[in-house]
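1. One predicted model, sequence on top.
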Amino acid sequence: MSGIPHFSRKDWLEYAVTALLLLISVLSLWVAVGTEDANRRMVAAASWPFLKIGDGNSDEQGLPRLTFSVTNSGVGPAKVESFEVFWHGKAYSRSFEYLKDCCGFDLAAYRAANDQHKATPIIDSDVGGRVIRAGESVRFLDIKLGPDNEKMWHALDQARRGLRYRICYCSVFDECWLNDRNDLNPARVKKCEAPKVPYIN
């Protein structure tokens, strides 16, 4: 008697069906994994934030007004983890500091005039630590031209071309980007590191 097992046509059919079912299961799993990855990418794309810093020297009516803002041009909210402002390579934590260095701003004189309600307002605000919705802009500095600030205003209008920024932000899925060139290709980072000199105003 031979030691080779004998397989009937029924046995072969059962093995073939089993193999086919196994192949279908593997293919189904592969399709499911691919679909999940595609869905994840679609959800991430639908929640992608993109922050860009912009400035201008006139308002909607064409009147002289210096504005500096961060705009979310993406399609999802951005969690701003850090924001930095530089002038000539030096980092600044407050607007009054670089206004003094770049443009001769006198904080004491401004406060004195402000106490007498004679100062043209300087409006500034924080950017770091807030959420900026898709399509939203946040102004971090806003200065109208007035009789008391003409020299400083024009100096800042020239100096703004030399201001540089670094902003690190994350999506709601904690995908993070660092934009230090203010261009269309911010660098992907694992997480946002705390800067040495955050712009806090």
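-> Happy to help now that I have it.

2. Run through the helices of the protein in chain order.
-> For the chain, applying DSSP state H gives helices covering 9-46, 95-103, 107-115, 150-159.

3. Can you tell me how far E81 is from E14?
-> To E14, E81 is 60 Å away according to C-beta to C-beta, to the nearest Å. To be clear about C-beta, it is placed using only N, CA and C from the backbone, and glycine gets the same treatment.

4. Which of those two has more residues huddled nearby?
-> Ranked by neighbour count (other C-beta atoms under 10 Å), E81 and E14 place E81 first, with 20 against 12.

5. these two touch, right, the more buried one and C192?
-> Yes: counting by C-beta atoms under 8 Å, E81 does reach C192; the two are 3.5 Å apart.

6. where does the protein dip in pLDDT?
-> Filtered on pLDDT under 70, the chain yields the residue ranges 1-13, 15-17, 28, 31-46.

7. let's see it at 50
-> 38-39, 42-45 (pLDDT under 50).

8. Domain-wise, how is the chain divided?
-> Annotated domains of the chain cover 7-46, 51-189 [automatic domain parsing].

9. wait, D59 sits on D142?
-> No: using C-beta under 8 Å, D59 makes no contact with D142, being 9.5 Å away.
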